[in-house]
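Asks: next one to model:
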Amino acid sequence: MSISGTVPPAGASGEPKLTLYNGSTGTGRRVTVRDLALAKQRGERWPMLTAYDAMTAGVFDEAGIPVLLVGDSAADNHLGYSNTVPVTVEELITLSAAVVRGTSRSLIVADLPFGSYQSSPRQALETGTRFLKEAGVGAVKLEGGRRVVHQVEALVQAGIPVMAHIGLTPQSVNVLGGYRVQGRGDEEAERLLADAKALEAAGAFAVVLELVPAELAQRVTELLHIPTVGIGAGAGCDAQVQVWTDMAGMTPGNAPKHAKKYADMRGVLTEAARAYAKDVVSGAFPTAENSFH
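Replies: Numbers count the residues shown, from 1 in each chain. Purely as a prediction, here's the structure:
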């Protein structure tokens, strides 16, 4: 099976089965939304990470991560803001373009930041068009359920793939009353299910479920024909996304409950910086090998 989605009959070829995750780096093209749809049909799970610069994105691309999100989480994880609200279209276009330049295989999805799509479908289309034309991303993501259906429809009809995002929507954290689990209770659960179905009908190619009870996320996953991407939504989703600084141990303090720390990159960089400083102070660096004559 190739990443293009052509599935040979069982035993028809002696070639090993290739999967979406790290499945084919020599196809000469990027992962597409069609690849993700086919993975859903096969029941194949896949990972997604955020990325905000060319070098880090290149590492994840080389590692075989099929989808990278230039999230508005860049605001508080890369640009020093206190939350996601202040980040601008211009800032995210710059970061998205860098991620695109640093990769060759991953599908690059860019967040539409707060205030850049909510007012009208026309505003959403204008913003989404900028991300595709100026940054070269393959898709955009926006937050909200039925209230953004017309925005999703306008983008999709114009040829811009849309990843939706429901549950906890950080851009609306002030309205939601903080970072709390969404979809608890029958009424909230039915509202979230209705949002998910409406977004699928509007043409979204996937939907992120953030801080949603695992049982509800599994119901949504089974109901929809498009992939679900969980973050704090249990193991029943088709895919999982993490903020890369949480995953790699760069975020200071304790990682969020929904994250798993796979390395201590903050500790590694701290020790490297201290070792470098010590060598400079003592005169051990630079050596003759680092000097020119």
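Asks: would you say Gly230 is within a strand?
Replies: Yes: Gly230 forms part of a strand when assessed by DSSP: H, G, I helix; E, B strand; the rest coil.
Asks: what pLDDT is listed against it?
Replies: Per-residue pLDDT puts Gly230 at 98.
Asks: over to the closest residue to it other than its chain neighbours: give its phi and psi.
Replies: Distances taken as Cβ to Cβ, 6 or more residues apart in numbering place Cys237 nearest to Gly230, at 3.3 Å, with adjacent residues excluded. Quick note: C-beta positions are derived from backbone N, CA and C, even for glycine. Per-residue torsions, Cys237: phi -80, psi 160 (degrees, to the nearest 10).
Asks: what pLDDT does Arg266 get?
Replies: Residue-level pLDDT assigned to Arg266 equals 97.
Asks: just to revisit the earlier point, gap between the residue nearest to Gly230 and Leu69?
Replies: 15 Å (Cβ to Cβ, to the nearest Å).
Asks: the two: who's more crowded?
Replies: Leu69 (30 against 23; other Cβ atoms under 10 Å).
Asks: so what's the residue count around Leu49?
Replies: Leu49: 25 neighbours (other Cβ under 10 Å).
Asks: make sure it is indeed in a strand.
Replies: Yes: assessed by three-state DSSP, Leu49 belongs to a strand.
Asks: what bridges to it?
Replies: Counting by DSSP bridges, Leu49 is bridged to Leu68, Gln242.
Asks: in the stretch 51-200 of the chain, which spans are strands?
Replies: Listed in chain order, the strands of the stretch 51-200 of the chain (DSSP state E, counting those that start in this stretch) span 67-70, 107-111, 139-143, 162-167.
Asks: for Ala275, which of those strands is the nearest?
Replies: Set against Ala275 and scored by Cβ to Cβ, the strands of the stretch 51-200 of the chain come closest in strand 67-70, at 30.9 Å.
Asks: name the element Arg218 belongs to?
Replies: Rather than Arg, residue 218 is Gln. Per DSSP states H and E, Gln218 falls inside helix 214-223.
Asks: now that helix: how far from the chain's centre is it?
Replies: With Cα atoms, centre = their mean, to the nearest Å as the basis, helix 214-223 stands 20 Å off its chain's centre.
Asks: list the contacts for Ala37?
Replies: Applying Cβ atoms under 8 Å, 6 or more residues apart in numbering, one finds that Ala37 lies in contact with Phe205, Ile226, Pro227.
Asks: what's the angle from the helix or strand where it lies to strand 107-111?
Replies: According to DSSP H and E, Ala37 maps onto helix 33-42. In terms of direction (axes from the mean of the first three to the mean of the last three Cα atoms, to 10 degrees), helix 33-42 departs from strand 107-111 by 100 degrees.
Asks: list the buried ones in helix 33-42?
Replies: Using 16 or more other Cβ atoms under 10 Å as the test for burial, helix 33-42 gives Val33, Asp35, Leu36, Leu38, Ala39, Lys40.
Asks: so which of these comes closest to Pro121?
Replies: Nearest to Pro121 among the buried residues of helix 33-42, counting by Cβ to Cβ, is Val33 at 20.1 Å.
Asks: for that closest one, which non-adjacent residue is spatially closest?
Replies: Leaving aside its chain neighbours, Val33 sits nearest to Phe205 (4.2 Å; criterion: Cβ to Cβ, 6+ apart).
Asks: do the same with Val152
Replies: Using Cβ to Cβ, 6+ apart, the closest residue to Val152 is Ala202 (4.1 Å).
Asks: same check on Gly234?
Replies: Once flanking residues are discounted, Gly234 sits nearest to Ala214: 2.5 Å by Cβ to Cβ, 6+ apart.
Asks: that neighbour: how many residues sit nearby?
Replies: Residues lying near Ala214 (other Cβ under 10 Å) number 15.
Asks: hmm, it is touching Thr221, no?
Replies: No: if you go by Cβ atoms under 8 Å, Ala214 and Thr221 don't touch, sitting 10.3 Å apart.
Asks: pLDDT below threshold where in the stretch 1-150 of the chain?
Replies: 1-18, 22-27 (pLDDT under 70).
Asks: what residues of stretch 209-218 count as buried?
Replies: Leu209, Glu210, Leu211, Val212, Pro213, Leu216, Ala217, Gln218.
Asks: next: stretch 186-195.
Replies: Buried residues in stretch 186-195, counted by 16+ other Cβ under 10 Å: Glu188, Ala189, Arg191, Leu192, Leu193, Asp195.
Asks: quick check: the gap between Ile65 and Gly28.
Replies: Taking Cβ to Cβ, one finds Ile65 at 18 Å from Gly28.
Asks: then Ala154?
Replies: From Ala154 across to Gly28, the span is 32 Å (Cβ to Cβ).
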